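>>> The following block contains a protein sequence and its predicted model.
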There are 2 protein chains.
Amino acid sequence: MGKNIAVVLSGCGVYDGAEIQEAVLSMYSIKRYGASYQVFAPNINQHHVINHLTGEEMNETRNVMVESARIARGNVLPIEDYEVQNFDALLFPGGFGAAKNLSSYAFKGANMEVLPSVKKVIQDTHAAGKPIGVLCIAPVLIAKIIVGAELTIGVDTNTSKHVEEMGAVHKNTSHAEVIYDSKNKIISSPCYMLDATIDQIGAGADKVVAELVALS
Amino acid sequence: MGKNIAVVLSGCGVYDGAEIQEAVLSMYSIKRYGASYQVFAPNINQHHVINHLTGEEMNETRNVMVESARIARGNVLPIEDYEVQNFDALLFPGGFGAAKNLSSYAFKGANMEVLPSVKKVIQDTHAAGKPIGVLCIAPVLIAKIIVGAELTIGVDTNTSKHVEEMGAVHKNTSHAEVIYDSKNKIISSPCYMLDATIDQIGAGADKVVAELVALS
């Protein structure tokens, strides 16, 4: 039986949701390693909507789960439906959605809160001894919830300082490098926290997924 | 010098725009073959907005170029800026956006019209003897514009009939198979015109991109 991995999305687009390339290339690697995936997302409104051409806020309201369904071609379940016994691993692609919709990191830094439904998914998975992959900015979710976790957000000094203030151990990384916290089974890679190209994103996501499949 | 490929998007999401997985995996293959890409899109409103979770139309207006920028992380040029001498090949991922925004195929079948700016890009590229890749439903654009082109939309009898009515020669294909029209330099693959998985989409997009890079 192939492994089954839960992928949590936070919308559809780097500036207000899930980073699309990180999400798609993660799903692609999961299937190429013979595993399957189920996408989950919270059924809440996005913090805001950003025009990705201009960077300006738009006077619109969009729902995280509805927009995530664009990436997943409709097949998204509400995050409350996640049951840890049905999955072998958990994966969070990045994008500002992780810092604006799944948590308040973008606004509160180290004083951030994690959405309760997201917190429960992480805690349940960690308590069951199952691995969790986090790309790009998503490691801040782990830093807040799993005390002492070792992880990477690349080389950004401001973010790495926040991560350490929350009690995590930060390791600098370059393109497609992975930090594996074997005690907590947390696998992280910086992806678009660095000034990267899509092939580097694919390489980073692929290494994280390979570890998730091997460990689970 | 690496090859430079123009990628034309039609929004962001399979039911009203560009098929996200086809778009991302095409861009990923382009970079992995050592080529670069520039994304283009028409600066027009989408035909409509579909809730990708329910399939229902939403009472919203979205712009094709603005939504395409979600996939491209902001770097999208208006399609009128395409100059054939700056590119080695042209690529259209699929999604209903090709049939609703770039053309009227979804509503008029074989009597469809192609958006004039899209028609010009295809005609200029074809006249310059440069290759054009088309995924999923996007081959209908070629069928309408390049008389007698040989191409595939998979095995859907309704669509293949339309394509032949417009003057193209249709070839049935299965997952990740490619039809190469050497006279017209048209490379097509069915992608999500079949009931496919994301790894099959990656394999099809990769073969089309490999041909585009080799030919150009």
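Nice, thanks for sending it over.
>>> Can you name the residues of chain A that neighbour chain B?
With C-beta under 8 Å from any C-beta of the partner chain as the criterion, chain A meets chain B at residues A:12-15, A:17, A:20-21, A:24-25, A:27-28, A:31-32, A:51-53, A:55, A:60, A:65-67, A:69-74, A:76, A:192, A:197-199, A:202. For every residue, glycine as well, the C-beta is placed using N, CA and C.
>>> and A:Val134, backbone torsions?
phi -140, psi 130 (degrees, to the nearest 10).
>>> Tell me, how many residues neighbour it?
Residues within reach of A:Val134, counting by other C-beta atoms under 10 Å in any protein chain shown, total 30.
>>> From A:Ala168, how far out is it?
Separation of A:Val134 from A:Ala168 (C-beta to C-beta, to the nearest Å): 11 Å.
>>> list residues touching both of these two?
Common neighbours of A:Val134 and A:Ala168 (criterion: C-beta atoms under 8 Å, 6 or more residues apart in numbering or on different chains): A:Ile142, A:Leu151.
>>> ok, now which ones touch the residue of chain A most remote from its centre?
The centre of chain A is farthest from one residue, A:Asn59, which by C-alpha atoms, centre = their mean lies 26.4 Å away. By C-beta under 8 Å, 6+ apart, the contact set of A:Asn59 is empty.
>>> Just to be sure, which of the residues of chain A next to chain B are found in helices?
A:20-21, A:24-25, A:27-28, A:31-32, A:65-67, A:69-72, A:198-199, A:202 (DSSP state H).
>>> which of the residues in stretch A:67-79 are buried?
A:Glu67, A:Ser68, A:Ala69, A:Arg70, A:Ile71, A:Ala72, A:Arg73, A:Gly74, A:Val76, A:Ile79 (16 or more other C-beta atoms under 10 Å in any protein chain shown).
>>> could those go into CSV alongside pLDDT and distance to A:Ile187?
CSV is the format used below for the buried residues of stretch A:67-79 (pLDDT from 0 to 100; distance: C-beta to C-beta, whole Å):
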residue, pLDDT, distance to A:Ile187
A:Glu67, 98, 26
A:Ser68, 98, 22
A:Ala69, 98, 26
A:Arg70, 98, 26
A:Ile71, 98, 21
A:Ala72, 98, 22
A:Arg73, 98, 26
A:Gly74, 98, 28
A:Val76, 98, 23
A:Ile79, 98, 20
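>>> ok, which pair from the residues you listed is furthest apart?
The span of the buried residues of stretch A:67-79, defined through C-beta to C-beta, is set by A:Arg73 and A:Ile79 at 18.3 Å.
>>> about what we covered before: phi, psi for the residue farthest from the centre of chain A please.
Dihedral angles (degrees, to the nearest 10) for A:Asn59: phi -80, psi 70.
>>> With A:His175 instead?
Dihedral angles for A:His175 - degrees, to the nearest 10 - are phi -50, psi 130.
>>> can you count the residues close to the residue nearest to it when sequence neighbours are not counted?
Nearest non-adjacent residue to A:His175, counting by C-beta to C-beta, 6 or more residues apart in numbering or on different chains: A:Gln200, 4.4 Å away. Other residues lying near A:Gln200 total 19 when counted by other C-beta under 10 Å.
>>> give me every residue that touches A:Gln200.
Here A:Gln200 is in contact with A:His175, A:Ala176, A:Cys191, A:Leu194 (C-beta under 8 Å, 6+ apart).
>>> Let me know the pLDDT of it.
Per-residue confidence (pLDDT) for A:Gln200: 97.
>>> now do A:Met1
For A:Met1, pLDDT reads 67.
>>> For A:Asn101, see how far away the residue nearest the centre of chain A is.
Geometric centre of chain A, nearest residue: A:Phe92, 2.3 Å, by C-alpha atoms, centre = their mean. For A:Phe92, the distance to A:Asn101 (C-beta to C-beta) stands at 12 Å.
>>> do A:His175 as well
26 Å.
>>> again, but for A:Leu141
11 Å.
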